[in-house]
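Student: Okay, sequence plus prediction incoming.
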Amino acid sequence: MSKIIAKVIVDNRASKTDKPYTYAVKKDMEEDLKQGMRVLVPFGMGNRFIKGIVIETERYSGDIFKLKYIEELLDDRPIISEEILELGLWMREKYLSSYLDALHAVMPPGDIKEITTYIYMKNRPSSETYSLSHIQKNIINLLNKNEKISFKELKEKIKDNNIRKHIKKLEEIGILETDLEVGTKVGKRYEKYIDLKDNNIKLEELISEIDNRAFKQKEIIEYLYMHGETPLKKLLKEVNTSHGVIKSLEKKNRIAIIEREVLRNPIPKGILNYEKHRLTEKQQYCLDEILNCIKENKENKFLIHGVTGSGKTEIYLQLIEKLIEKGKEAIVLVPEISLTPQTVERFVGRFGQNVAVLHSRLSAGERFDEWRRIKRGEVKIVVGARSAVFAPFNNLGIIIIDEEHENSYKSSMNPKYNAIEVAEKRCELEGAALVLGTATPSIETYYRAKNGEIKLLTLLDRINNKKLPIMNIVDMRDELNSGNKSILSTDLYNAIEENLKDKKQTILFLNRRGYSTFISCRKCGYIAKCKNCDISLTYHFSDNKLKCHYCGMIDTPPRICPKCGSKYIKYFGSGTQRVEDLIKKLFPQAKVARMDVDTTSRKGSHEKILQNVKNGNIDILIGTQMITKGLDFPLVTLVGIIAADTSLNLPDFRSSERTFQLLTQVGGRAGRGDFEGQVIVQTYNPKHFSIQMAKEHNYTQFYNKEILLRREFKYPPYMEIISLVIYGRDKGKVSEVSKEVYGKIILELRKNKLEKLEKDIFGPNPAPLEKLKNNHRWQIIFKSDKGDSSMLKDIINRVCIYNSQSKKYKGIKFSIDVNPNSIL
DNA sequence: AGCACGCCGACT
DNA sequence: GTCGGCGTGCTC
């Protein structure tokens, strides 16, 4: 006779136990057990019970006497859908992470061990309980005594094998409701609600009982009689009174105070309605194309390549509107940094309470609440950073990824997933459409669009026929030759001055924060470096400290050189702080603001600066990366890029692409209002094609050139790259282990007849960032064709997992990154 | 992570 | 002869 067995991933932080364990399923559990449920299983010699997640169930006709039995079900239904579970398992394979890490990413936020299923009474049963079985009546009786009861407790009290069926039945007829809660660590928020004690007494009667002098009490009673149950806060406001009145009514036993749990809603209050715009002809065409393709099942992946200011957001909004009308749900991914009110406002302003927002600044409790709102179907749209791609919708219609080229879509933690690839996979699994949008598509995406894998839609014009800004390139070598040693070229200086006179706004962009980027001794050449990271320290003027931008270490700047004792310590290089300083000196009358990690670390400071720019309280805004993301300031007419070469000179295969994107995106901030914009780009490489093509706003030509280089030097999209970093405290051991791992991988490749891959393995070498946070780092880079990559991954995984347990490699860790953002 | 097993030295 | 310290390896 065949039995059911289940594959379980145990929640045990040890890489050796990170594999599916097979458990037998007791007969009475067979029907209830589903993949995606949490279970309690006996594990190890001592058979201690640990929690695990069922990833698969199957029929099995062989012997099962060797297997242990699942002890208990912890959920009455799967906490994640089949598709999402599959997505998690797919991620594990694709990005070489552990089962547990992959599942954590797709499960509800927080500690999945601490989740409890609760059962509530939704509506008390009416008199016709005769249709209910006595077990069902027992359940109701239990709930009459308690407000809620955990699934576990209910099982203990009602000893019945079909308990889940009974719950389901009661839920169907609207008596019960189930809900998930995270354990102790995350508190719930309650709010007081006020209602009349007895709703059956007539108003006149109630009023007559109240002392004639108590006007406010009467008012409250009247209000409650008219409106029914009201939140305390609202009641006080509406009746314009204070707590005392409520207190005395409570004493007289005329009103009831009810505590109800409120879901935290992190969406800021008071967002104005965001009016629907009429689409331009091009926008409309774009929208219709997408809708038609979805309708006719032709295509379901789209790239909207629209220049900055071409109105992509309005297309997203109307697209979502149409899909919601059809009962579908939508996920919108935006780069973390632009999850400031600007983007959120547009979605909330259009769809109101139908929107949930997920971003990194939410507390654990807020995050869990949002997750539940989505799961329960209370919202139709999620706007969020990369992890929002896992939002637990059941009827997903579309995933929109704005600013598709942004590197924040790639996770730096395990699983090191790329939200774009995950979104694509999820869309395939759930039959949803994928829409990518950007002014500067990533080379990989555009390549696929050109090959017809993704449908390309192009918007070449800004809305209202606004012109793209004029890009002027300034050769800083000429400046130097003509005696200008300042970080501002004459052209940029003049333009700022002019702009100030015209009462227009200016944005200055510099990719480095801090004051000076390194300090050095002029006598002996000593450079101040971080003792944990082997990276030069940045001088921060405001607190007179040296900071490491990688590990956060803070040090006091030396007065005399620690190496040779000379006094000739000099500060080199410029960061945003220094630019701010200089601008304030040069234009004392201007109102200047700086926006980088250092000025926006406090909650709300980001918004404040942006608000000030919007209101026109700022003349010149100086900032890093942060200011490139989709900001829309109509009064900005001049953008100055202080040093375009910073990103160009990085030894990374994406540096040209980054530079082009940066110039285009930053430049795109200019001239979005009624005035034409101008961009001044300062560089030592004016002839570089990234800069030249950005100047001409010519993406296609940039792409054509870059794609040839990618093919020539075997980089994505032609090849898949895997970066393996071996790191640890002990320098000698790291290099030793790296070499050994390399040897083992080569050996395995030969065993598997994959010698041809050997020539595309680079290393082991010290990583470009050789020491970070006290860890020495070595790196091996693998390049392979898409077809061979899964075999290669398998081998890398085997070798590394195997070794990570070995005594010999104690204190050594492996970091595997599939298709990394950069190979630094 | 736990837990048992086994090898080895110390102690009854 | 056996008790326990610790290194090693396995957990369906």
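Tutor: That came in fine, so what should we check first?
Student: how about the nearest residue to the closest residue to DNA strand B within the stretch 201-350 of chain A, chain neighbours excluded?
Tutor: The minimum distance from the stretch 201-350 of chain A to DNA strand B, using Cβ to the nearest atom of the strand, falls at A:Glu336 (31.6 Å). Every residue, glycine included, has its C-beta placed from N, CA and C. With Cβ to Cβ, 6 or more residues apart in numbering as the criterion, A:Glu336 has its nearest non-adjacent residue at 4.3 Å, and that residue is A:Ala385.
Student: give the contact list for that neighbour.
Tutor: By Cβ atoms under 8 Å, 6 or more residues apart in numbering, the contact set of A:Ala385 is A:333-336, A:339, A:358-360, A:408.
Student: go with 7 Å
Tutor: A:336, A:339, A:358-360 (Cβ atoms under 7 Å, 6 or more residues apart in numbering).
Student: Count the neighbours of the residue of the stretch 201-350 of chain A closest to DNA strand B for me.
Tutor: Close neighbours of A:Glu336, defined as other Cβ atoms under 10 Å, add up to 18.
Student: pLDDT at it, what is it?
Tutor: Looking at A:Glu336, its pLDDT stands at 77.
Student: how close does it sit to DNA strand C?
Tutor: Counting by Cβ to the nearest atom of the strand, to the nearest Å, the gap between A:Glu336 and DNA strand C amounts to 37 Å.
Student: With A:His359 instead?
Tutor: Taking Cβ to the nearest atom of the strand, one finds A:His359 at 37 Å from DNA strand C.
Student: Which pLDDT does the model give that residue?
Tutor: 82.
Student: Residues of chain A that sit close to DNA strand C?
Tutor: A:14, A:16-17, A:20-24, A:41-45, A:47, A:66-68, A:807 (Cβ under 7 Å from any atom of the strand).
Student: Give the buried subset of these as a ChimeraX selection command.
Tutor: Burial among these is assessed by 16 or more other Cβ atoms under 10 Å; the matching ChimeraX selection reads:
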select /A:17,20,23,24,41,43,67
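Student: Of the contacts of A:Ala385, which is the most crowded?
Tutor: A:Leu358 (25 neighbours).
Student: Hmm, that residue is touching A:Val379, no?
Tutor: No: under the criterion of Cβ atoms under 7 Å, A:Leu358 is not in contact with A:Val379, lying 10.7 Å apart.
Student: Tell me which residue of chain A lies closest to DNA strand B.
Tutor: Counting by Cβ to the nearest atom of the strand, chain A gets nearest DNA strand B through A:Gly46, at 3.0 Å.
Student: that's a strand at that residue, yeah?
Tutor: No: applying DSSP: H, G, I helix; E, B strand; the rest coil, one finds A:Gly46 to be coil, outside a strand.
Student: what about it, neighbour count?
Tutor: Applying other Cβ under 10 Å, I find that A:Gly46 has 7 neighbouring residues.
Student: And for A:Asn649?
Tutor: A:Asn649 has 12 neighbours, counted by other Cβ under 10 Å.
Student: Likewise for A:Gln678?
Tutor: Neighbour tally, A:Gln678, other Cβ under 10 Å: 21.
Student: Please look at A:Tyr703 and A:Thr445 and confirm they touch.
Tutor: No: at 10.4 Å, A:Tyr703 does not count as touching A:Thr445 under the criterion of Cβ under 7 Å.
Student: More neighbours: those two, which one.
Tutor: Taking A:Tyr703 and A:Thr445 together and counting by other Cβ under 10 Å, A:Thr445 has the greater number of neighbours (22 against 19).
Student: Could you check how far the more buried one is from A:Gly431?
Tutor: A:Thr445 sits 21 Å away from A:Gly431, going by Cβ to Cβ, to the nearest Å.
Student: buried residues in stretch A:489-504?
Tutor: By neighbour count on 16+ other Cβ under 10 Å, the buried set for stretch A:489-504 is A:489, A:492-493, A:495-496, A:499-500, A:504.
Student: Take the strand or helix carrying A:Glu222, keep the C-alpha atoms, and write them as CSV.
Tutor: Per DSSP states H and E, A:Glu222 falls inside helix A:215-227. Extracted C-alpha coordinates of helix A:215-227, given in CSV (Å, rounded to 0.1, in the frame of the first residue of the first chain):
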residue,chain,number,x,y,z
PHE,A,215,-23.5,69.0,27.0
LYS,A,216,-20.5,67.1,25.8
GLN,A,217,-21.6,63.8,27.1
LYS,A,218,-24.9,64.3,25.3
GLU,A,219,-23.0,65.2,22.1
ILE,A,220,-21.0,62.0,22.4
ILE,A,221,-24.0,59.8,22.9
GLU,A,222,-25.7,61.5,20.0
TYR,A,223,-22.7,61.0,17.8
LEU,A,224,-22.3,57.3,18.7
TYR,A,225,-26.0,56.8,18.2
MET,A,226,-25.7,58.2,14.7
HIS,A,227,-22.3,56.7,13.6
